[in-house]
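Enquirer: Sequence and predicted structure below; questions after.
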Amino acid sequence: MALLDVKDLKTYFRTDDGIVKAVDGVSFSVEKGQTLGIVGESGSGKSVTCLTIMGLNPKKNTISSGEARFKDEDLLHMSPRRLRQIRGNDIAMIFQDPMTSLNPVHKIGDQLAEAVLLHQDVTKKQAKTQALELLKAVGIPRAERRLGDYPHQFSGGMRQRVMIAMALVNDPDVLIADEPTTALDVTTQAQILTLMNNLQKDFDSAIIIITHDLGVVAETADDVVVMYAAEVVEQGSVDSIFRRPHMPYTWGLLGSLPRLDTDLERLVQIKGQPPSLLNPPQGCRFHPRCPYVMDICKKEDPPLKPVTDDPAHLAACHLDEETKDREAQKLIEGTLAAAS
Amino acid sequence: MHKRLWLSVVAVAIGAALLVAAGFASPANSSISGAKSSFAGAKTGGTLRLNMSSSDVDYIDPALAYYQLSWDILYIACRPLLNYPDKPSPAGSRLFPDGAAAFPKVSNGGKLYTFKIRSGMKFSNGVPITAKSYKAAFDRDANPKMESPAVPFFSDIVGATDAQGNPKTPVSGVKAKGLTLSVRLTKAGPDILSRMAMLFFCPVPAPGQKGAPSVTSQGVNTFPGSGPYYVAARTPGGPILIKRNKFYKGPRPHNASAISVVSVNTNVDTSFTQVQRGEINYDMGGLPPTAHAGLAKKYGINKQRYFVHPVIATRYLGLNNQRLFRNTKLRKAVNYALDRKGMINLRGAYAGHPTDQLLPSNLRGYKNAGIFPFRPNFTQAKKLAGSGSRSAVMYTTTSPIGVNQGTLVQADLKQIGIDVSVSKFGTGTMYKKCGTKSEAFDICNVGWIADYPDPFDFMNVLLSGESIHDSNNNNYSYFNNAKYNRQMDAAARLFGPKRFSTYGSLDTTIMKNAAPIAAWDNDNDREFISGKTGCYTNQPVYGLADLALLCLK
Amino acid sequence: MIRYLIRRLLWAVVLFVAITIITYIIFFMIPTDPARKACGQLVTPACVKSARHYLGLDRPVYIQYYKFLERLVVHQSLGRSFANRQNINSIIGRAAPITASLVFGGAVTWLLLAIPIGILSALRPRTLLDRSAMVFVLVGISAHPVWIGLIFSWFFGYKLGITPIAGYCEAFSPPQGAACGGVVQWFYHMILPWITFAILFAALYVRMIRANVMETLNEDYVRTARAKGAPESRVMFKHVLRNAMLPVVTMLGMDIALGLGGAVFTESVYSLHGLGQTLVQSLSGDDLPTTQGIVVFGTLAIIVFNLIVDLLYAFIDPRIRLT
């Protein structure tokens, strides 16, 4: 039994224009000490997947189904009270924008202590001490003095460190990081990722990292889930996916990876826009943008099934193995050539 | 106050300068003494609670108080030498000796008045009232540190002018010795008795005596009373507490044991509901304009709780005799064309009754001559106006009523070929403008309330051409006729019944032959008391409920 | 901070001079004559002349203004009323607590009304409650306070008799002859005025708080708080409200100043002799010194009040620093 096991998760939003299927049948699992990367463009449903697991979607207009079992308890079907006990304690989350994710009117120390006090039966002072330790752990200089500071007195990177400290303060089993580095500059990105890796080693947490950046995934994740238009289109181990991606969308993502050693012309772009989730395309949802589109793609949605040589690697694509081999190989060679 | 006494610039002042009224107060025709309560079974005791909607007393200090409301209160707190009895009209406007034991002895060719002060009187603080208490009032009024508006009312007393120049100089012409007070005039003035009745001359303890009011231009808020009541406490802008004067042994009534003006400047609508609910016995400030018809229907007039009494006042259109209306026929034409009843209707139910003469119908001397119609007679008016079109400028007030009256006058005069353009001003501004000789107006929508119950205050003040100045005039029609000026002067010197009949005839003569104004209304005082309140009597001189009589049921 | 205070103070002086000069100018543009008014119905040129001298109106306007400033600065005196020669300091001393009772009590009332209604509407948009709140807002904004006051006074005071119809009670040391006194009576007499005064603002604030709360509910840090496992009540009070109230505090500062002006309607219906009613009386009585006194006092009160609000705002919103 995995630590967190998500099965056929669906999240639909009722809107004035109709039902938006934001997540449409997503399954994955995470083990202790492991890192799962969820990648995809904006609006592909990766954030919603995690918010659904955390129960943070607006209740009124959300319909969720499937299950998300954490230590054999279904997060989707538990009492709000029990869910609150798990949130922030067993499963913690870091959000994309550290600039807006901290409450501007409360001191950092208080916001950290609040996280402690919500789950641990300790005094305020003890909570502050714990908060301080975490601030030190995430590498905030002169942490003692900064407990009394307000979020606006911190830089973006420092705020994200605070967010991470806040997420880790209760020693969670699962840490969900939703684009933790997107809003930060490149140097800080690297620092934050290293920090997360180190902390994972220290705390032995499972991490789900949501990103549109396969580079981040390559650096941090053990497994990858590629999402497109609310669906999983490919999933497997990082090695397997980077070595042999099976889906043109994944190719596109890999191809658009910016590298320090290549010039701009080498960047491959995925043409077009992601589809509307109100009215997704028939057949394979990627087909309007797929350079390898075939007739069948427009009619039949390809099932997510294991690829031939690796049962743990799943992909959803109608393309024949030969084409996939050839194209994937070209991509890898290009990458390798650039790397050499 | 403003709501009713409209008329004047200071809608509120009834007193006035240069007053020469007299006659009815002469010893010969007056034998009226104070009245006991005329209400059988009137309950005495208890505290009356009053409001003053949209108004306040100006001062409670007798040397300064000049508003009608203030005088209605001082009337029950004072025992002037001569006073008006607690009775309805006409008896209520005839003087009787109150603080004086009798009318004075007049000697030295009408220049020396000697009063015998009643013995055994005391102020509410126990200090005896003697001749020097009355002299103290004159000296205090004259003191320049008081800045008292009473000054013009006794400037013909010997030494008054000197006293006004120096705070330490008393009025030498007023002499007090025990219970004898002598008043020496610089020239004979038949009106001095009426002036003595003014509450400016309310007796006060003399300097050095207990309770002597200080000399301050702000005025005092309490002073020892000499009438059936005294003012026990007053907060400016706030409540006034009036209590029964236990040392008063005179004949005047005193039904309630205390009277509390709980709030001044109250909202007329909410105050009205307080009276309806019985929380307040009586609102001295008046009623919402829309309430009258309903009250009259429900309670009748002058029967239970709603009372309508004429005020000694006239509203009229001043026709500027210096301009278009120097033409007598045209003035008469306006008098025929004016819809008097229509003008009154614009002021609300029971607001007044139509008139075509200057003297108010309830003023002694008035003779009803029926000169002009109360509804327009355009045939007659057109005949007088002749053909041709003219234009005229009318000044009126900015109030809705004033504006509507302007429109009505416009419509009436259009019928006789006068094209009226109406200019609207705030009340004070309109009076100031109409009182300025060079102002380019033809018609001014004005009114006049008696400073005093005497025809002089209407005839001479409003129509005599002798006192027309460049500005601050009261003669709003700038009527200046040498013959009538002489006749008015002569009438002012008369005493007794002859005075009134002469003025009455003069009124009808001037209106019939010269028509210098177009009078249209004699105002009514309209009042309402709560169901728990009784003994209502309208004091005709002060124009409000007699507070000494008003009682709890 | 010190620099900020000094700057504000200088600004206040400029504002003060501008406002008092404007008041003087307006008064001298109005063609009324307080001296003539002081003389009564039967005016004489002599009386008007002496009254002009006594009232100081026989001097040029700039001298009158200079005298006014001199009195104010040297003697801290606003002078005496033209109408009844009362010391204006004491007139204001009596009126200001009444207006303060009305405005501050009214502000508390409108917040007590608007905060719960606003929050509930924000949490349950488009429900019956939200829509009823909307009707309340519409009525509150459209109905004139005098009308509301008269209706309330008539219905609750006259018809039902559960509140006083009108009037004010001094909480401490009521004057002799007053109908009532004491804190309880003060409160009892202020209930209807407070509600009347508060309705317009309550309506505006319901809208504002609803919008603010809805907006704040979508903030990332609210999601963070939930992700921490905070219960909804805590999320609401600790995270949403504190932030949603920030603009409300700014508005409150401005609206209380605005309310000083609006108070006149409520004061007139309920016969509360506050600054508003005194101002109206002094205006209609051409009583320049009293008008000017209230203008001066009101200006100072508003300046001080805005300063307090600014300081308060800096206190509750750490992002603001006064420089």
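Expert: Yes, it's here. Numbering: from 1, shown residues only, chains lettered A, B, ... in the order given.
Enquirer: do you know how far the residue of the stretch 451-553 of chain B at minimum distance from chain C is from C:T32?
Expert: Residue nearest to chain C within the stretch 451-553 of chain B: B:N472 (4.6 Å; C-beta to the nearest C-beta). Where you see a C-beta, it was placed from the backbone N, CA and C, and this is true even at glycine. Remark: distance between B:N472 and C:T32 (C-beta to C-beta, to the nearest Å) = 13 Å.
Enquirer: secondary structure element for the residue of the stretch 451-553 of chain B closest to chain C?
Expert: Per DSSP states H and E: B:N472 is located in neither a helix nor a strand.
Enquirer: and if you look at A:G109?
Expert: Using DSSP H and E, A:G109 maps to helix A:108-119.
Enquirer: now that helix, how far from the centre of its chain.
Expert: 25 Å (C-alpha atoms, centre = their mean, to the nearest Å).
Enquirer: Following the record's annotation, map out the domains of the chain.
Expert: No chain in the question, so chain A it is. What automatic domain parsing lists as the domains of chain A is A:4-225, A:236-339.
Enquirer: that's the wrong chain, I meant chain C
Expert: Here the domain parsing of chain C from automatic domain parsing is C:2-75, C:92-316.
Enquirer: Going by residue numbers, what spans are strands in the stretch 51-200 of chain C?
Expert: Along the stretch 51-200 of chain C, no segments are classed as strands by DSSP state E, counting those that start in this stretch.
Enquirer: For it, list the residues in contact with chain B, please.
Expert: C:54, C:80, C:83-87, C:90-91, C:94-95, C:149-150, C:153-154, C:157-158, C:161, C:165-168, C:175-179 (C-beta under 8 Å from any C-beta of the partner chain).
Enquirer: Among those, which ones are in helices?
Expert: C:54, C:90-91, C:94-95, C:149-150 (DSSP state H).
Enquirer: quick one: the closest residue to chain C within chain A from A:D149, how far?
Expert: Residue of chain A nearest chain C, by C-beta to the nearest C-beta: A:G88 (3.6 Å). Remark: distance between A:G88 and A:D149 (C-beta to C-beta) = 22 Å.
Enquirer: Same drill for the two, tell me which one is more crowded.
Expert: Just comparing A:G88 and A:D149: by other C-beta atoms under 10 Å in any protein chain shown the higher neighbour count belongs to A:G88, 27 against 17.
Enquirer: residues in contact with that one?
Expert: A:G88 makes contacts with A:115, A:118-119, A:167, A:170, A:172, C:227-230, as judged by C-beta atoms under 8 Å, 6 or more residues apart in numbering or on different chains.
Enquirer: got it, and B:A77?
Expert: B:202, B:225-227, B:229-231, B:242, B:245.
Enquirer: What segments of the chain are helices?
Expert: Assuming you mean chain A. Using DSSP H, helices in chain A cover A:46-54, A:80-86, A:98-101, A:108-119, A:124-137, A:143-146, A:156-168, A:186-203, A:214-220, A:238-243, A:248-255, A:295-299, A:321-339.
Enquirer: Correction: the question concerned chain C.
Expert: Using DSSP H, helices in chain C cover C:2-29, C:34-39, C:45-55, C:61-75, C:88-123, C:128-142, C:145-152, C:183-217, C:220-227, C:232-234, C:242-269, C:275-284, C:288-316.
Enquirer: and those as JSON lines, adding mean neighbour count?
Expert: Shown next, in JSON lines, are those (neighbours: other C-beta atoms under 10 Å in any protein chain shown):
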{"stretch": "helix C:2-29", "mean neighbour count": "13"}
{"stretch": "helix C:34-39", "mean neighbour count": "25"}
{"stretch": "helix C:45-55", "mean neighbour count": "17"}
{"stretch": "helix C:61-75", "mean neighbour count": "14"}
{"stretch": "helix C:88-123", "mean neighbour count": "20"}
{"stretch": "helix C:128-142", "mean neighbour count": "15"}
{"stretch": "helix C:145-152", "mean neighbour count": "19"}
{"stretch": "helix C:183-217", "mean neighbour count": "21"}
{"stretch": "helix C:220-227", "mean neighbour count": "23"}
{"stretch": "helix C:232-234", "mean neighbour count": "13"}
{"stretch": "helix C:242-269", "mean neighbour count": "20"}
{"stretch": "helix C:275-284", "mean neighbour count": "23"}
{"stretch": "helix C:288-316", "mean neighbour count": "19"}
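Enquirer: now those helices in JSON lines, with mean pLDDT?
Expert: As requested, the helices of chain C are exported to JSON lines (pLDDT from 0 to 100):
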{"stretch": "helix C:2-29", "mean pLDDT": "83"}
{"stretch": "helix C:34-39", "mean pLDDT": "78"}
{"stretch": "helix C:45-55", "mean pLDDT": "80"}
{"stretch": "helix C:61-75", "mean pLDDT": "88"}
{"stretch": "helix C:88-123", "mean pLDDT": "91"}
{"stretch": "helix C:128-142", "mean pLDDT": "85"}
{"stretch": "helix C:145-152", "mean pLDDT": "90"}
{"stretch": "helix C:183-217", "mean pLDDT": "90"}
{"stretch": "helix C:220-227", "mean pLDDT": "90"}
{"stretch": "helix C:232-234", "mean pLDDT": "88"}
{"stretch": "helix C:242-269", "mean pLDDT": "85"}
{"stretch": "helix C:275-284", "mean pLDDT": "89"}
{"stretch": "helix C:288-316", "mean pLDDT": "84"}
